[in-house]
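Enquirer: Turn this into a model:
(4 chains)
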Amino acid sequence: MKGIRYGWILLIAVAFFTATICYPSISISADTIKIGVVGPRTGSAAATGTAFAEGIDLALDYINGKGGLLGKKVEVVFEDTGGVPEKGVAAVEKLVNRDKVPLVVGTSHSSVGIAISEQANRYKTPFIIAESWADEITSKNYKYIFRAGPCNTGVVSEIIKWLKAEGFKKASLVAENTDWGLGIKKLTVEALKEANIEFQTIDTERNSKDHYTELSKIMKYDPEIILAFVYGFGVHYFIAQANEVGLTPKAIIFEGAGPPSLWPQFWENVGDAGNLECFISSMHKSAQPNQVAKDYWDNYVKKFGKEPSDYKSRSIYRVLLIAFDAIEKANSLDGDKLVDALEKSNVTVPSGQVNFGTEKGSVWYHQFQPPMLIIQWQDRQQTVIFPENVATGKLIRE
Amino acid sequence: MNSLFFMYLTNGIVMGIIFALSALGVSLIVGIMNVINFAHGELYIFAGYISYILSVKLGISFYFAIPIAILTIFIIGILIEESLIKPTYGNDMYSLIITFILSIVLQNFALLVFGPFPNKPPNWISGATNMFGLFRYGNQRLVSCLAAIGIIIIVFLLIKKTWFGKTIRAVSQDRETASLMGIDTSKVNMLSFGLGCAIAGAAGVVLAPIFPVTPLAGVEISLIAFIILVIGGMGSLWGCIIGGLIIGIVQSFGAAYISSGYKDIFGFIILILVLFIRPSGLFGRKAL
Amino acid sequence: MLKSKYILGLFILAIFLSFPIYIGKYWLHVSIISLFYVMMASSWNLLAGYTGQVSFAHAAFAGIGAYVSGIIAIKLNIPPTIGLFIGAGIASLFGLGLGMLCIKMGGIYLSLTTLAFSEIIRLIITNEYELTRGTMGLEVPNLIGFYSKTIYFYIMIAVSIIFLLIIYKIIKSDLGTSFRAISNDELAANSLGINVIRVRIVAFVISSAMAGFAGALFGHYLLLITPDISSLSQMFLILAMTIIGGMGSFFGPIIGAFFLETLSEYIRIYGEYHVLIFGIVALIIARFAPSGLDGIYQEKISPKMAKS
Amino acid sequence: MILKATGISKSFGGLIALKNVDFHINSGEILGLIGPNGAGKTTIFNVLTGIYHPEQGNIDFNGEDISKYRPFEICHKGIARTFQVTRAFLDMSCLENVLVGIIGNNPNLSPAEKKSEAIKYLEFVGLKNSVDTQAKNLTLVGKKRLELARALSTHPKLLLLDEVLSGLNTTEMREACDLINIILDKFGITIFWVEHVMSAIMEVSGRIIVLDHGEKIAEGLPKDIANNAEVIEAYLGESDA
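Expert: A predicted model of the protein is given here:
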């Protein structure tokens, strides 16, 4: 034994210490207002992170074009969650304690949304959720947690309305085995029972590639519609293989997450099997409820030279607009004042006029549900088929 | 016994053959070099990406895209062997660690270059076949499965019948003697590592139309390959085929009759059973 | 000479202990995470570096410890302070079972089987939704009853020091000599009367108990445990830290853990490149300096300092 | 008689390495084992030390059948060995190398006793000045000496030496042969050795057995073996090939 080499420990201690001191320092009273955004930039839903980045760009262009907030320029710190709760918590840890952001928005996984809302509420930092659908997030009735995006209950009631309107009698319910999948499955099961629609349920893996086993069970059941709650590439394989085994186009597939049906590789992966597939979305070119939505669309096309691929970029745009408005109205960066301002929010965003529920005791507390659309791919064109007031066509069945 | 049962069985066999092909390259390398190639799955997906780019982006017919993709992976394999594996000879653990790190690097590289979306080369054939009037089965799957069988046969012939095959079998049985007999073992290593990677590439090319590649898809391929390796016995090619079939069939029936959420776990359970009953694997040479 | 070393040691300890005063909440959080990785990497190093068994189940054992401690705290109301030990105990039992199953088959089998085992654990945690709440993550109670980063930092420091002392004692003992003999030449060690399988299983059990304890401790800090704790990407971090710091060296994993965690803060802005950069650094070190930063220090820097 | 092996057979996947081999070792003798390449000499050692288990036959060591024991158990019973290709623990010092043998057999000694014991053996083999040297920095002779010290440190009753002389020059060979004689005289350890260097083994061994193609073809005093027609033929056959 040559004795402990203290040199090393000293080096670690000093190096670590210096690292903390030298870290590009963030001035708290700087001339910018920082807003925290969290979203999956890596991992299996990294596509959503890319969409978020686009929405952030547009929102910053908009607000800084107007001269910023409280006389300062606005800046966004976009932290990665990787779609993993721990990373989400770590991201909030950094945003709140290092970047000292007054408010955080974003996220798209239920699990991450739930974890972050615990953390944000603990730090008394307002958090506006864009795309985590789990009911639990708002039904906990946390003071600092808001959601300006779909919640499972809202989505399911929309889907059931549509099923009833079309008169479907027999459904297969396929759900991924995650919180979102299991949560939405539970709600759908209850709603289907209430609506007197006969159904079977099947669990699947989000990124599973081979669905023949599940599909043969569905074949045997012979449903009119298959409700697939799978938020991942798995659903592409599912759609393609459903066609191979002859399940579609006899039965209609409804994809209940939305973005997977709009991902750029959708048609490459599913081929003609994608025709007549239905999915849920909160955005469509033809269904622009107001000027803000139209501006968003035009600016997007102008900036990126293409149409938005899915609605996630608009979701983050939406919550950022709400956040800007709240800071302006509160005229402060204080958490409690921001909560007050958010509760009174009536700003117009692309999905309509924001109005957060303030009555405690249900999922609707601090919840703003943007209207959802049901869209069908008809000859590779999106046709809005529900609700009727914005529909551009009718459901086509074989 | 009903049509569902035959459907599960057919799918199990098809998936089994596909799994066997996915594991073949890794098994070959272990048998000859005693090196586990953790980056196996990543080479598989790279081949898938190359064939995707060639056929979709550059519009090259898949008859050309396939050999180009396989050849590229062969060359990449040789480069990996020469630059990273060679210095670790004699230290199995280090080669394991290096290829593990390499697999993480390649995954993240793929994520950066190709993005997170799945990429799918066009189907070779469309439609589905009615199997014995019982159920419909995708044509592309059947064709890919036939191609997989073809590749497996070619690999077997290469190893059992050719001069190169004899050489690598000699090296895998007794490296020292082989080298005394004038065989350049480091060249054999290089070529057989390249060959193992090329088989991974071939698997990627054949399977990408059914299972589009994503940056992380390789992990699953590697895991299945490793399970088959242990079940079948390290370095045994027949073990690889039988192990693949067992996993394919068990997964298919397990998902059907037990739980599809636990689909991936059935393979692991078999692995543990095999370790209990016959630790050297079904076709393994008995360990010392 | 000896005395001055002690003074230096105390001085260094004082620097560490005064961290909470200087470095602010966020870096304190980073230090706590670093200390978790110090425990994980050091205990993995005991196994991989000293006995030459590359296990991929280390993160899985941390997961077992964290979930066991968390679940019994929630369902049975067992205080986390006791839960930590139960978690570590269960992890070591799994380690014993897994060790008995595959250690006699030798190196590659161990690696592949532990890899499979870690996937099993991840799948079970993900699928046993009722018990573990799947990917949503399990919210677990705080270890000390209230939330204080400073106190947690001191707990982590204390446990890390205890872990490191245990590891140091082991590697300097006869057991440690046997470890190294086995990793150098298993057959020769066996022929010299060392019960190789038993020694390996002992190493495996000790290191899995440590991983279980560290995992449980970390879970009660994060207040949230998800299947990610036992994922392969966690395993990669542990491995990369050990390799970069220096495998088979006592200080290697400590250096590696702090180095990588700090680096990770600096390259955070490059989000997507993050893991790629880690991987490339680890690959270069593994290829060109297999003894890691500690090896470089000992070969290049230490002799020069001794001369001057 | 310290060891008696009867009917030992061992094959590797169809290749027969040992076929029904019988032999015995008398207490306090030096028994030599010779034979052409691939005759099965090292396999015998591996069978005796439990690295392989024979398919048939038993090995009686001091009245106990050891054919099913594992290597470390056989070591505990009192059989130690060296290896044809040296297998020193390269990343450990000479002292630590020898300590492994002591730890494996005498774990209850105090650390100081272990150390002094280890140094005693290192001194005996002439590595007194290399106690803290890393084994990888030793010369081939040094490694062979280290292996010998390591084997002795396990307190064997029977020592198996596998081609200790290969690669040594004449002086070193002389020293090694002396050492072997001293081991027998001073420690009273019976020696069974495999050797290729015919002159040395003929001179040092009291008795010799000859293997060819896994079978024992001769046994006897060195001078008889040297004139045995079958042995000569076996060796001639080798030189033809």
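Enquirer: Do you have the strands of chain B handy? List them.
Expert: B:128-131, B:135-138 (DSSP state E).
Enquirer: Which residues does the last one contact?
Expert: Right, the one you point to is strand B:135-138. Contacts to strand B:135-138, defined as Cβ atoms under 8 Å, 6 or more residues apart in numbering or on different chains, come from residues A:216, A:219, A:241, A:244-246, B:3-4, B:6-7, B:10-11, B:14, B:127-131, B:210. From N, CA and C alone the C-beta is placed, and that goes for glycine too.
Enquirer: Partner strands of that strand and their direction?
Expert: Within its sheet, strand B:135-138 is paired with strand B:128-131 (antiparallel), according to DSSP bridges.
Enquirer: can you give me the mean pLDDT across the partner strand?
Expert: The average pLDDT for strand B:128-131 rounds to 80.
Enquirer: Now do that strand: everything it contacts.
Expert: Outside strand B:128-131, the residues that touch it by Cβ under 8 Å, 6+ apart are A:243-246, B:6-7, B:10, B:136-139, B:142.
Enquirer: Dump the C-alpha coordinates for stretch A:159-171 into PDB.
Expert: Provided in PDB are the C-alpha atoms of stretch A:159-171 (Å, rounded to 0.1, in the frame of the first residue of the first chain):
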ATOM      1  CA  ILE A 159     -63.900   9.900 -29.500                       C
ATOM      2  CA  ILE A 160     -67.100   8.400 -28.100                       C
ATOM      3  CA  LYS A 161     -69.200  11.200 -29.500                       C
ATOM      4  CA  TRP A 162     -67.800  10.400 -32.900                       C
ATOM      5  CA  LEU A 163     -68.300   6.600 -32.500                       C
ATOM      6  CA  LYS A 164     -71.900   7.200 -31.600                       C
ATOM      7  CA  ALA A 165     -72.400   9.700 -34.400                       C
ATOM      8  CA  GLU A 166     -71.100   7.100 -36.900                       C
ATOM      9  CA  GLY A 167     -73.100   4.300 -35.300                       C
ATOM     10  CA  PHE A 168     -70.200   1.900 -34.700                       C
ATOM     11  CA  LYS A 169     -71.400  -1.200 -32.800                       C
ATOM     12  CA  LYS A 170     -68.300  -3.300 -32.200                       C
ATOM     13  CA  ALA A 171     -64.800  -2.100 -31.400                       C
END
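Enquirer: Close to chain B: what parts of the stretch 201-308 of chain C are there?
Expert: Residues of the stretch 201-308 of chain C lying close to chain B by Cβ under 8 Å from any Cβ of the partner chain are C:232-233, C:236, C:239-240, C:243, C:272-273, C:275-276, C:278-280, C:282-283, C:286-287, C:290.
Enquirer: Contacts only, for the nearest residue to C:Leu131 once chain neighbours are set aside.
Expert: Nearest residue to C:Leu131, sequence neighbours excluded (Cβ to Cβ, 6 or more residues apart in numbering or on different chains): C:Ile71, at 6.3 Å. Going by Cβ under 8 Å, 6+ apart, C:Ile71 touches C:131-132, C:138.
Enquirer: Using CSV, list the CA coordinates for the helix or strand containing C:Ile71.
Expert: Take DSSP states H and E as the rule and C:Ile71 turns out to sit in helix C:58-75. Extracted C-alpha coordinates of helix C:58-75, given in CSV (Å, rounded to 0.1, in the frame of the first residue of the first chain):
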residue,chain,number,x,y,z
HIS,C,58,-25.5,-3.4,-12.0
ALA,C,59,-28.1,-0.8,-12.9
ALA,C,60,-30.7,-3.4,-12.6
PHE,C,61,-29.6,-4.1,-9.0
ALA,C,62,-29.9,-0.4,-8.3
GLY,C,63,-33.4,-0.6,-9.7
ILE,C,64,-34.2,-3.6,-7.5
GLY,C,65,-32.9,-1.7,-4.4
ALA,C,66,-34.8,1.4,-5.3
TYR,C,67,-38.1,-0.3,-6.1
VAL,C,68,-38.0,-2.7,-3.1
SER,C,69,-37.3,0.2,-0.7
GLY,C,70,-39.9,2.4,-2.4
ILE,C,71,-42.6,-0.2,-2.6
ILE,C,72,-42.3,-1.4,1.0
ALA,C,73,-42.3,2.2,2.2
ILE,C,74,-45.6,2.9,0.3
LYS,C,75,-47.4,-0.4,0.8
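Enquirer: Next, the distance between the ends of stretch B:157-176.
Expert: 25 Å (Cα to Cα, to the nearest Å).
Enquirer: Mind checking which of the contacts of C:Ile71 are in strands?
Expert: C:Leu138.
Enquirer: Quick one: name the residues of the stretch 51-200 of chain C near chain D.
Expert: Proximity of the stretch 51-200 of chain C to chain D (Cβ under 8 Å from any Cβ) is limited to residues C:174, C:177-178, C:180-181, C:184-185, C:187-196.
Enquirer: which residues of chain C score low on pLDDT?
Expert: C:1-2, C:5, C:268-272, C:301-308 (pLDDT under 70).
Enquirer: Downstream of the helix holding C:Ile71, the next helix or strand is which one?
Expert: helix C:80-102.
Enquirer: and whichever helix or strand comes after that following helix, does that touch chain A?
Expert: Counting by DSSP H and E, the next helix or strand C-terminal to helix C:80-102 is helix C:107-127. Yes. Counting by Cβ under 8 Å from any Cβ, contacts between helix C:107-127 and chain A involve C:126-127.
Enquirer: Show me what helix C:107-127 is packed against.
Expert: Helices and strands touching helix C:107-127, by 3 or more Cβ pairs under 8 Å, 6 or more residues apart in numbering or on different chains; DSSP states H and E, are helix B:92-114, helix B:217-232, helix B:265-277, helix C:58-75, helix C:80-102, helix C:129-132, helix C:232-245.
Enquirer: List the buried residues for it?
Expert: C:107-127 (16 or more other Cβ atoms under 10 Å in any protein chain shown).
Enquirer: what about the closest residue to chain B within the stretch 1-150 of chain A, how many residues close to it?
Expert: Closest contact between the stretch 1-150 of chain A and chain B, by Cβ to the nearest Cβ, is at A:Ala46 (4.0 Å). A:Ala46 has 22 neighbouring residues, counting by other Cβ atoms under 10 Å in any protein chain shown.
Enquirer: for the closest residue in space to it that isn't next to it in sequence, what are its contacts?
Expert: Of all residues not flanking A:Ala46 in the chain, B:Pro116 sits nearest, at 4.0 Å (Cβ to Cβ, 6+ apart). When contacts are counted by Cβ under 8 Å, 6+ apart, B:Pro116 is found next to A:43-47, B:214-215.
Enquirer: Could you do B:Thr214 as well?
Expert: Counted by Cβ under 8 Å, 6+ apart, B:Thr214 has contacts A:44, A:207, A:233, B:45, B:116-119.
Enquirer: ok, now how distant is it from B:Met15?
Expert: B:Thr214 is 18 Å from B:Met15, where distance means Cβ to Cβ, to the nearest Å.
Enquirer: in the stretch 101-250 of chain A, which spans are helices?
Expert: Along the stretch 101-250 of chain A, the segments classed as helices by DSSP state H, counting those that start in this stretch run A:110-122, A:136-139, A:152-166, A:179-194, A:212-221, A:234-244.
Enquirer: what's the closest of the ones you listed to chain B?
Expert: For the helices of the stretch 101-250 of chain A, the distance to chain B is smallest for helix A:234-244, at 3.5 Å, taking Cβ to the nearest Cβ.
Enquirer: tell me the phi and psi of A:Gly357?
Expert: Backbone torsions of A:Gly357, given as degrees, to the nearest 10, read phi -70, psi 140.
Enquirer: what's the neighbour count on the residue lying closest to C:Met247 once chain neighbours are set aside?
Expert: Closest residue to C:Met247 apart from its sequence neighbours, by Cβ to Cβ, 6+ apart: C:Gly49 at 4.2 Å. Around C:Gly49 there are 28 other residues, counting by other Cβ under 10 Å.
Enquirer: now the helix or strand C:Gly49 falls within and helix C:232-245, what's the angle there?
Expert: In this assignment (DSSP H and E), C:Gly49 forms part of helix C:24-51. Angle of helix C:24-51 versus helix C:232-245, following axes from the mean of the first three to the mean of the last three Cα atoms, to 10 degrees, is 80 degrees.
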